[in-house]
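1. Everything below, folded, please.
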Amino acid sequence: MYLAAVVLLLLILAAWWAWEWWPRPPLPAGTVAAGTVKPRQTIRTGFLPNWDQVALQEMERQAAKYPHNLWLEGPTYRRQVAFTFDDGPSEYTGALLDVLKKHGVKATFFFMGQNMELRPWAVERAWREGHTLGNHTYTHPHLAGVDSTTFWDDEIGKTQATFKRMLGWEPAMMRPPYGEISDAQIEDLGRHGIKVILWSLDTQDWNKNRMLFGKHNIERSVQDHMHEEAILLMHDGGGKRAKTVAAVDALIPWLKAGGYEFVTVDALLGLPAQPRAPQAKAASAPQ
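-> Now for the predicted structure:
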C-alpha cells in the first residue's frame with residue numbers, strides 16, 4: 001500500500017507538471033459578436049490579500065458609477081488587448097521598449113513624475129516610438145488618504161507639469177497607485193479632462209518577479225484569464241522587472257497566434273489620441 005501511494009502521488013505530480021508546463025494553445029475565436037457592448041466592466045483575476053490591493057468589488061463599483069471617466073476594460077468584444085506598464089521609467093524600460101519594437105507592438109506606460117526626472121531619455125523614446133503615456137502620480141502614494149491640495153499640487157498636477165516641460169503636452173489618462181482612488185478624486189480628475197484607467201487582468205508581476213518561475217507564472221496569469229478588449233496590468237518599474245520583460249517577449253507571439261491585435265488604451269477606448277512625436281532629425285552627412 002505504501003508503494004501504491006507513492007506511485008499515485010508521483011502520477012498526480014506528473015499530471016500537474018504536464019498541465020502546468022505544457023504550452024497553452026492559442027485561444028479559440030470568441031463567441032460574442034465584436035460590436036456587442038459588455039453589460040458591465042469586471043476584473044477577471046483574483047484578489048491577493050495583504051498586499052495593499054483595493055477590493056475588486058470597489059473597483060467595479062467605481063467603474064459602474066463613472067462609466068465615462070473610469071475604465072477597467074474595453075467596452076465591446078473586439079479581439080484586442082492593451083498592454084499597460086506602471087511605475088517607470090526604470091532601468092528595465094529600455095529593454096521592454098526593445099521587445100515591443102521587435103514585435104511591432106504599441107503599449108501604454110503610466111509613468112511616475114519622479115522617475116521621469118531621472119530618465120527623461122526613456123520618456124522621450126517611449127513617445128517617439130508611438131506608445132501612449134499616462135500619469136501615475138509623482139511619488140506613488142495611497143491617493144485616497146491625501147488631501148485635495150496634495151492630490152493635485154504634489155502628485156497629479158506636478159506630474160502633468162513634468163510631462164508638459166519634457167514633451168510639450170499633458171496626458172489625458174492616469175492610473176492611481178494600487179488602484180486606490182476616491183470618488184471625489186475621480187470627479188476632480190474629470191473636471192480636468194483626465195480619465196482614470198484601471199485594469200481587467202492583473203498579471204501580479206509585481207509579486208511574481210520574485211518567484212523562481214516568475215516568467216512562466218506571469219505568462220500563465222495572462223493565458224488563463226485572457227479576454228476580448230482586456231487591459232493588462234504590468235510593471236516596468238518599482239523593483240526587479242526582468243521576468244516581466246521576458247514574459248512580454250513570450251506572450252506577444254502567443255496572443256498574435258490567437259488573433260489578438262495590440263492597441264494602446266486610448267485607441268481601445270476611443271479616446272482622443274495624444275500628440276504625435278516629431279520625427280527625429282536625420283544625422284548630418286559627413287563633410
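
2. Just give the nearest non-adjacent residue to residue 107, would you?
-> residue 83 (4.1 Å; Cβ to Cβ, 6 or more residues apart in numbering). In this view, the C-beta of every residue, glycine as well, is placed from N, C-alpha and C.

3. Just give me the neighbour total for that neighbour.
-> 27 (other Cβ atoms under 10 Å).

4. Show me where the stretch 1-150 of the chain has its helices.
-> 2-21, 56-65, 93-103, 113-118, 120-128, 148-149 (DSSP state H, counting those that start in this stretch).

5. on that earlier part again, could you give the bridge partners of the residue nearest to residue 107?
-> residue 232 (DSSP bridges).

6. surely it meets residue 262?
-> Yes - between residue 83 and residue 262 there is a contact at 6.6 Å, judged by Cβ atoms under 8 Å.

7. Give me the common contacts of the two.
-> 105, 107 (Cβ atoms under 8 Å, 6 or more residues apart in numbering).

8. Let me see the ranges of the strands in this protein.
-> 70-71, 80-86, 108-111, 132-135, 173-174, 195-197, 201-202, 230-235, 261-262 (DSSP state E).

9. Report the buried residues of stretch 186-202.
-> 186, 188, 189, 194, 195, 196, 197, 198, 199, 200, 201, 202 (16 or more other Cβ atoms under 10 Å).

10. The fifth one against residue 173, yeah?
-> If I follow you right, that is residue 195. Yes - Residue 195 sits in contact with residue 173 when judged by Cβ under 8 Å, with a separation of 5.0 Å.

11. who touches both of these two?
-> What both residue 195 and residue 173 touch, as defined by Cβ under 8 Å, 6+ apart, is the set residue 271.

12. just to revisit the earlier point, which residues does the residue nearest to residue 107 contact?
-> Neighbours of residue 83 in contact, by Cβ under 8 Å, 6+ apart: 100, 105, 107, 108, 232, 234, 248, 262.

13. will you turn those residues into TSV that also has pLDDT, neighbour count and distance to residue 241?
-> Formatted as TSV, these follow (pLDDT from 0 to 100; neighbours: other Cβ atoms under 10 Å; distance: Cβ to Cβ, whole Å):
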residue	pLDDT	neighbour count	distance to residue 241
100	98	23	14
105	98	21	17
107	98	25	14
108	98	25	16
232	98	26	14
234	98	27	8
248	98	28	10
262	98	19	19
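
14. tell me which of the residues you listed is nearest to residue 143?
-> residue 108 (19.3 Å; Cβ to Cβ).

15. partners of that closest one in the sheet?
-> residue 84, residue 132.

16. which residues touch it?
-> 82-85, 131-134, 173, 197, 264-266.

17. would JSON lines of the strands of the chain with distance to residue 38 be doable?
-> Converted to JSON lines, those look like this (distance: least, Cβ to Cβ, whole Å):
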{"stretch": "strand 70-71", "distance to residue 38": "11"}
{"stretch": "strand 80-86", "distance to residue 38": "13"}
{"stretch": "strand 108-111", "distance to residue 38": "20"}
{"stretch": "strand 132-135", "distance to residue 38": "22"}
{"stretch": "strand 173-174", "distance to residue 38": "20"}
{"stretch": "strand 195-197", "distance to residue 38": "16"}
{"stretch": "strand 201-202", "distance to residue 38": "14"}
{"stretch": "strand 230-235", "distance to residue 38": "11"}
{"stretch": "strand 261-262", "distance to residue 38": "18"}
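
18. Cool, thanks, talk later.
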